[in-house]
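> Could you work out the structure for the sequence below:
(chains A and B)
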Amino acid sequence: MYRKGRISKKEDLIVGYLFILPDTLGIFFFWILPMLYIIYLSFFRWNLLNEPVFVGLQNYSRLLKDPIWWHSLGITLKYVLMYVPLSFLFSLLLAVNLQKTFKGNKVLRTLFFAPYAISLIVAGALWSYAFQPKFGFINHLLTLLSLLPGGWLSSTKEALGVIVFVSLWKYVGYYMILLIAGLEEIPQEYYESAKIDGASWWHILVRITLPILSPVILFVIVISVIHAFQMFDLVYIMTYGGPARATYITMLYIYEVAFSFYDFGYASTLSIMFFLLILLITLAQFRLGLFKKPS
Amino acid sequence: MSGRLFAKIALILLLGILGIITLFPIFWMYSSTFKPYKEIFAYPPTLLPIQFTLGNLYSSLFEHRFLRYMGNSLYVALVVTLVALLLHAMAGYAFARLDFPFRDTLFVMLISTLIIPIYSILIPRYILVNQLGWINTYAGLIIPAIPHGFGIFALRQFLLGLPIELEEAARIDGASRVKIFLLIALPLCKTILVTLGVIFFMVNWDAFIWPLVVAVSDDLKLIQVGLAGFMDLQTPQWHLLIASASLAATPNLIVFLLAQRYVVQGIKTTGLK
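Next up is the predicted model:
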């Protein structure tokens, strides 16, 4: 391809390095270096004002005995276990029904997808208002339907559920778009021949759609697990971990240790352990494959 | 047959109702924006404002500095988007079309950073930016938000999928690499550039945790951080909170409605590669 001799090769070399230089420097400085730096930080106690103090593995042993860390992990897992199955179920139901071509299916997709354009902070603000026990529309609707109104964000039992609900509202449309993209790749002949054989819709779903879709399904579940573990904005704006630490997720704990208690060494240790946990779970998901490949 | 048709119509109706319910909170937010203070707390709540007011918006924009926050967010999001597009296009072009030592090794190295989640490096990045003296500056808000492996990857893949003949012809005519990049390759990348641009803008307009820690001074607050500020109070001022939420939501909703095709395209390239 480069048969113009030495001059063009030299030009390629110079232009090539110049073109990748800004991004390479940026990625090194803002992604790779922090990744290495955080490991170093985790062996120190440092509030950014005084000199950093080397403490060896103290931060790590502190973490093992830290009840708030374990509490926050428990809340995070609870949130993940509620969010991931529900987000998958709803997005699959919507995708399967909206993938079909009928008049208005594009409009319907847009309706479900639109909340994705709303930031988590805005979503948190407007749903906090809607869930206000005294004047929010949720309790008003429940009363109209003769159901019991809830305390929602002020209730230790309900607050985490409200946050799961709002996350679903924001992200289900996004997963739906991914699943529809996967469904559109399935050749129509598969469905036609299955219909000729007289297969029921359940049979088609379990025997054709899900197996062929399995790589996309795996991807959607992995993404939703990552979304769930990283949730910060909604908790920050809707409950700030309350009431009585009922929504005190790990991300908020790490944030507070760093930016409220200025304990950057310990916060780094927490970050590393949390990252390793998510990495392990993600790898396990790929390993399990979740669904079998189509035969 | 008519039973099936009926079932189909029932399903579409059900989906339609669900879709409208999904959008209802957004409608509610805009409706409440124009309600006077008293009506915000009315029970039962009113669907549309009985008494229409622009007071909440006015107070949010001018008395609570949301005009400033919106300006900050617009500035940061636009600069990040435009600079990122140019730098990623340059890098993507070099990785796709130019031949230089360690090209593929460097590419793999840059792309492998995609597995690093931003939250896990928040603290060291904050300390590095602090050492640069960029806390409470636009530089601290803008520069760390630019480098990212995804844009480079997407542009390289896009260029690899384009026929090379046009560029080869220009090459034979003696055009330089830089000229070919600017005059031939860049215009051909229009679709992917628009797609990435839409995504970058929306992501940066919505950015929260980084602006929260890096820009503490009120002059530099971005819109999402400013909005969250209303909730910090013991008793939130709901009328201002809702009006400000509308302001924070509107630009991305407009972008979304105008460029939905590109948003979907962007999600598919992020997702299914």
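> buried residues in the host helix or strand of B:Phe201?
B:Phe201 belongs to helix B:190-206 when assigned by DSSP states H and E. Of the residues in helix B:190-206, B:192-206 count as buried by neighbour count, 16 or more other Cβ atoms under 10 Å in any protein chain shown. To be clear about C-beta, it is placed using only N, CA and C from the backbone, and glycine gets the same treatment.
> Could you single out the nearest of the residues you listed to chain A?
B:Asp206 (3.8 Å; Cβ to the nearest Cβ).
> Name the nearest residue to the closest one, ignoring sequence neighbours.
A:Ser119 (3.8 Å; Cβ to Cβ, 6 or more residues apart in numbering or on different chains).
> and the closest residue to A:Ile118 other than its chain neighbours, what does it touch?
Among residues not flanking A:Ile118 along the chain, B:Ala249 sits closest, at 5.5 Å (Cβ to Cβ, 6+ apart). By Cβ atoms under 8 Å, 6 or more residues apart in numbering or on different chains, the contact list for B:Ala249 reads A:Ala117, A:Ile118, A:Ser119, A:Val122, B:Ile26, B:Met29.
> Is the last one part of a helix or strand, or is it coil?
Think B:Met29. Three-state call for B:Met29 (DSSP: H, G, I helix; E, B strand; the rest coil): helix.
> Quick one: neighbours of the nearest residue to it once chain neighbours are set aside, just the number.
Excluding the flanking residues, the one nearest B:Met29 by Cβ to Cβ, 6+ apart is A:Leu126, at 4.5 Å. Neighbourhood size, A:Leu126 [other Cβ atoms under 10 Å in any protein chain shown]: 23.
> Let me know how buried residue 162 is, in neighbour terms.
No chain in the question, so chain A it is. A:Val162 is flanked by 22 other residues according to other Cβ under 10 Å.
> if you could check chain B rather than the one you did, that'd help
16.
> how much space between it and B:Leu188?
The gap separating B:Leu162 from B:Leu188 is 6 Å, by Cβ to Cβ, to the nearest Å.
> residue closest to the middle of chain B?
B:Met202 (1.6 Å; Cα atoms, centre = their mean).
> Enumerate every residue touching that residue.
So B:Met202 contacts A:Ala117, B:Asn252, B:Val255, B:Phe256, B:Val263 (Cβ under 8 Å, 6+ apart).
> Could you do A:Ser193 as well?
Counting by Cβ under 8 Å, 6+ apart, A:Ser193 has no contacts.
> do the one 4 residues further on as well
The contact partners of A:Asp197, by Cβ under 8 Å, 6+ apart, come to none.
> For chain A, what's the nearest residue on the stretch 101-250 of chain B?
For the stretch 101-250 of chain B, Cβ to the nearest Cβ, closest residue to chain A: B:Pro147, 2.8 Å.
> hang on, that residue in a strand?
No. B:Pro147 sits outside any strand when classified using three-state DSSP, being coil.
> Do you know the pLDDT at the closest residue to it other than its chain neighbours?
Distances taken as Cβ to Cβ, 6+ apart place A:Gly26 nearest to B:Pro147, at 2.8 Å, with adjacent residues excluded. pLDDT recorded at A:Gly26 is 96.
> okay, and for chain A, where does confidence drop off?
Residue ranges of chain A with pLDDT under 70: A:1-7, A:289-295.
> can you tell if the longest helix belonging to it touches chain B?
Using DSSP state H, we find that the single longest helix of chain A is helix A:67-99. Yes. Applying Cβ under 8 Å from any Cβ of the partner chain, one finds helix A:67-99 touching chain B at A:Leu94, A:Asn97, A:Leu98.
> Put together TSV for these, with neighbour count on each row.
TSV is the format used below for the residues of helix A:67-99 next to chain B (neighbours: other Cβ atoms under 10 Å in any protein chain shown):
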residue	neighbour count
A:Leu94	25
A:Asn97	16
A:Leu98	25
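> List the contacts of the residue nearest to B:Pro147.
B:Leu87, B:Ile143, B:Ile146, B:Pro147.
> go on, A:Ile39?
A:Ser268, A:Ile272.
> now do B:Tyr69
Here B:Tyr69 is in contact with B:Lys221, B:Leu222, B:Ile223, B:Val225, B:Gly226 (criterion: Cβ under 8 Å, 6+ apart).
> Number of residues surrounding the second one?
When you say that, I think you mean B:Leu222. A total of 28 residues lie near B:Leu222 under the criterion other Cβ under 10 Å.
> these two touch, right, it and B:Asn72?
Yes. Contact criterion Cβ atoms under 8 Å: B:Leu222 and B:Asn72 qualify, at 5.4 Å.
> list the residues that contact both of the two?
Common neighbours of B:Leu222 and B:Asn72 (Cβ under 8 Å, 6+ apart) do not exist.
> Check whether the host helix or strand of B:Lys179 comes near chain A.
Per DSSP H and E, B:Lys179 falls inside helix B:177-180. Yes. Counting by Cβ under 8 Å from any Cβ, chain A has neighbours in helix B:177-180: B:Arg177, B:Val178.
> about what we covered before: give me the number of residues near the residue nearest to B:Asp206?
A:Ser119 has 23 neighbours, counted by other Cβ under 10 Å.
> That one reaches B:Val203, doesn't it?
No. Assessed by Cβ under 8 Å, A:Ser119 is found out of contact with B:Val203, at 9.7 Å.
> Model confidence for the residue nearest to B:Ile192 when sequence neighbours are not counted, exactly?
Once flanking residues are discounted, B:Ile192 sits nearest to B:Phe158: 4.3 Å by Cβ to Cβ, 6+ apart. On pLDDT, B:Phe158 comes in at 90.
> Surely B:Phe158 is in a helix?
Yes. Using three-state DSSP, the assignment for B:Phe158 is a helix.
> distance of it from A:Ile39?
To A:Ile39, B:Phe158 is 35 Å away according to Cβ to Cβ.
> and if you look at A:Phe259?
20 Å.
> residue contacts, the residue in the stretch 51-200 of chain A that chain B sits nearest to?
For the stretch 51-200 of chain A and chain B, the shortest gap (Cβ to the nearest Cβ) falls at A:Leu111, measuring 3.2 Å. Shown in contact with A:Leu111 (Cβ under 8 Å, 6+ apart): B:Gly16, B:Gly19, B:Ile20, B:Thr22, B:Leu23.
> go again using 7 Å as the cut-off
Contacts here follow Cβ atoms under 7 Å, 6 or more residues apart in numbering or on different chains; on that basis A:Leu111 touches B:Gly19, B:Ile20, B:Thr22, B:Leu23.
> Now do the buried residues in the lowest-mean-pLDDT helix or strand in chain B.
Every helix and strand of chain B was ranked by mean pLDDT, DSSP states H and E. The lowest is helix B:260-271, at a mean of 78. Applying a neighbour-count criterion of 16+ other Cβ under 10 Å, one finds B:Gln260, B:Tyr262, B:Val263, B:Val264, B:Gln265, B:Gly266, B:Ile267, B:Lys268, B:Thr269, B:Thr270, B:Gly271 buried in helix B:260-271.
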